[in-house]
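[1] what follows is a predicted structure for the sequence shown.
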Amino acid sequence: MADKASPQRLDRQQRKVIGYAGLAHALSHTPDWAYAAVLIQVGLTFGVGELVLGSIGTAYAIGYGLTAVPAGWLADVAGSRRTLALSMAGSGIMSIVVAFSQGTVMLAVTMTVLGLAAGMYHPVGVSFITRSVSARAKALGYHGVAGNIGTVMAPAVAGGLAALISWRASFVVFGVMFLAVAIILATAKVEEPQEDDSEEAGSGDRGGSVFATLKPFLLVIALIFLINTMYGFIYRGTAVFLPTHIQNNVGDTFLGLDTEAMAGSLTAAALIFGSFGQFIGGHLGERFPREKLTLVLTAVLGPALLLTAFANGIFVVGAAALFIFFNFMAQPSYSALLADYTPRRIQGRIFGFLFLGFFIVGSTAGVITGWVVERHSTDWAFVLLAGVGSMVTVVAGLLVLAAARQARLRKAEASP
């Protein structure tokens, strides 16, 4: 179905949709990366180790995933812009509350509620784009660039504020930013268009049942879900422990500066390559078959994560940058693929279930990698993530085969 799409120009309305969604996307990633950047300082404040800290990160990720389906449904019913404004407002309030946590229990509770608010974003923002923009992969690439700007900004700002003031100051600053974006979205003059699903190949008639619409593509959709879920595991493990891994492997000082203070900035330097990956991946997704492109790009995950695990000195930053570049390059294609195989009217809920798997199953990486780090080191945590990355490649190969089989069946049905 998504064998090839022609690059299309974006009109003013489509650019506005990408812009507003991208602004919210940039902020939606700041809490988890800010937390990762100040992990050591939080541990010193409350006197706890990596397992507890990783578990709090898991609590945040569980909250982040739980609201995905309800938020997707709300976007389908009430509109994406209003739902995005609600997510940003809740995130702003809870970020400030997190800053005043007085113990690990309170921190775990407030981080979980923050996750509930911030987790509303992804199914809403992504379906906002897939329903509004014809060049989906390209638009999702731009959207991903915005998200990566947030992931780059978060550890740099949080690490800097933690070194200068306190880790608490970083959550206050991001809380104010969330509230500002909530006001912008609440007053914006843009909504997704109401289009007929029958315009999309394979999406079925608007009046048909959801199951009848999706039934021919269930295997392909299931494989996309599985790929996305394993990406979620890799993302969570990386988000929680990449700054610590860099700090442990670069050395005590870098360019004459204390590595603890520089860990956030060095992580940001690696994460910036995700923006290039998203941008290039979005354009490639409009020019090449998305299923095959996903396979090619995921083939790099395992080796790049293994290199990250065992690189030393400044080379660990380069290895992490290589992994992040290809990791994010694949995302526009497999996200656009899911929209290619599903009707517009239920895309909020479909992406809700997609991100439920991404963040809930992915959330287990915080506990699992935390256990590995406490008993071994961050090196072995990244070896574990490399194994998961290799599994992603295998499933991507199955996706190519399933999509090819589906194309043959559809061609045979169309033949006289």
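    Structure's in. What do you need?
[2] what sits against the residue nearest to residue 389 when sequence neighbours are not counted?
    Spatial nearest neighbour of residue 389, excluding adjacent residues (Cβ to Cβ, 6 or more residues apart in numbering): residue 301 at 3.2 Å. Yep, even glycine has a C-beta here, placed from its N, CA and C like the rest. Counting by Cβ atoms under 8 Å, 6 or more residues apart in numbering, residue 301 makes contact with 234, 323, 326-327, 386, 389-390, 392-393.
[3] so for residue 301, what's the pLDDT?
    Predicted confidence (pLDDT) for residue 301: 86.
[4] ok, it to residue 32 distance?
    Counting by Cβ to Cβ, to the nearest Å, the gap from residue 301 to residue 32 is 20 Å.
[5] count of neighbours near residue 16?
    15 (other Cβ atoms under 10 Å).
[6] for the closest residue to residue 122 other than its chain neighbours, what are its contacts?
    Excluding the flanking residues, the one nearest residue 122 by Cβ to Cβ, 6+ apart is residue 355, at 4.5 Å. Shown in contact with residue 355 (Cβ under 8 Å, 6+ apart): 65, 68, 119, 122-123, 228.
[7] repeat that for residue 146.
    Here residue 146 is in contact with 21-23, 25-26 (Cβ under 8 Å, 6+ apart).
[8] any regions of the stretch 51-200 of the chain where pLDDT drops low?
    Residues of the stretch 51-200 of the chain that meet the criterion pLDDT under 70 lie in 191-200.
[9] try 90 this time
    51-69, 72-83, 101-105, 107-108, 119, 122-170, 184-200 (pLDDT under 90).
[10] quick one: the helices in it?
    68-78, 80-99, 104-118, 121-132, 136-164, 167-187 (DSSP state H, counting those that start in this stretch).
[11] most tightly packed of these?
    Using mean count of other Cβ atoms under 10 Å, the stretch among these with the largest mean neighbour count is helix 121-132, at a mean of 28.
[12] of the helices of the stretch 51-200 of the chain, which is nearest residue 313?
    Within the helices of the stretch 51-200 of the chain, the stretch nearest residue 313 is helix 136-164; the backing value is 19.5 Å (Cβ to Cβ).
[13] where do the strands sit along the stretch 201-350 of the chain?
    253-254, 257-258 (DSSP state E, counting those that start in this stretch).
[14] mean pLDDT lowest for which of those?
    Minimum mean pLDDT among the strands of the stretch 201-350 of the chain: strand 253-254, a mean of 50.
[15] tell me the buried residues in stretch 14-24?
    Buried residues in stretch 14-24, counted by 16 or more other Cβ atoms under 10 Å: 14, 17-18, 20-24.
[16] contacting residues for residue 305?
    Residue 305 is in contact with 234, 323, 382-383, 385-386, 389, counting by Cβ under 8 Å, 6+ apart.
[17] not counting its neighbours along the chain, what's nearest residue 353?
    In space, residue 353 is closest to residue 69, 5.9 Å off (Cβ to Cβ, 6+ apart).
[18] sorry, that was for residue 398
    Nearest to residue 398 is residue 223, by Cβ to Cβ, 6+ apart, at 5.7 Å.
[19] how close does the one you found sit to residue 217?
    10 Å.
[20] now do residue 377
    Counting by Cβ to Cβ - residue 377 and residue 217 are separated by 43 Å.
[21] returning to that earlier point: distance to residue 37 for the contacts of residue 355 - can I get that in CSV?
    Formatted as CSV, the contacts of residue 355 follow (distance: Cβ to Cβ, whole Å):
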residue, distance to residue 37
65, 22
68, 25
119, 20
122, 21
123, 26
228, 25
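[22] can you name the two of the residues you listed that sit furthest apart?
    By the measure Cβ to Cβ, 119 and 228 form the most distant pair in the contacts of residue 355, at 14.9 Å.
[23] these two: who's more crowded?
    Neighbours were counted for residue 119 and for residue 228 using other Cβ under 10 Å; residue 119 has more, 28 against 24.
[24] how about the contacts made by that one?
    63-68, 71, 355, 359.
[25] could you find the closest non-adjacent residue to residue 96?
    Nearest residue to residue 96, sequence neighbours excluded (Cβ to Cβ, 6+ apart): residue 175, at 3.8 Å.
[26] that neighbour contacts residue 90, correct?
    No - Residue 175 is beyond contact range of residue 90, at 10.7 Å (criterion: Cβ atoms under 8 Å).
[27] for the chain, what's the longest helix?
    helix 378-414 (DSSP state H).
[28] how about that helix: buried residues?
    Buried, per 16+ other Cβ under 10 Å, within helix 378-414: 378-379, 381-386, 388-393, 395-400, 402-403, 406-407.
[29] helices or strands up against it?
    helix 218-250, helix 290-298, helix 301-310, helix 347-375 (3 or more Cβ pairs under 8 Å, 6 or more residues apart in numbering; DSSP states H and E).
[30] please redo it, this time with the cut-off set to 10 Å
    For helix 378-414, the elements it packs on are helix 50-66, helix 218-250, helix 290-298, helix 301-310, helix 315-329, helix 331-340, helix 347-375, judged by 3 or more Cβ pairs under 10 Å, 6 or more residues apart in numbering; DSSP states H and E.
[31] pLDDT (mean, whole number) over the second one?
    I take that to be helix 218-250. Mean pLDDT, taken over the full extent of helix 218-250, equals 82.
[32] that one to helix 301-310, inter-axis angle?
    20 degrees (axes from the mean of the first three to the mean of the last three Cα atoms, to 10 degrees).
[33] and helix 218-250, how far out from the chain middle?
    9 Å (Cα atoms, centre = their mean, to the nearest Å).
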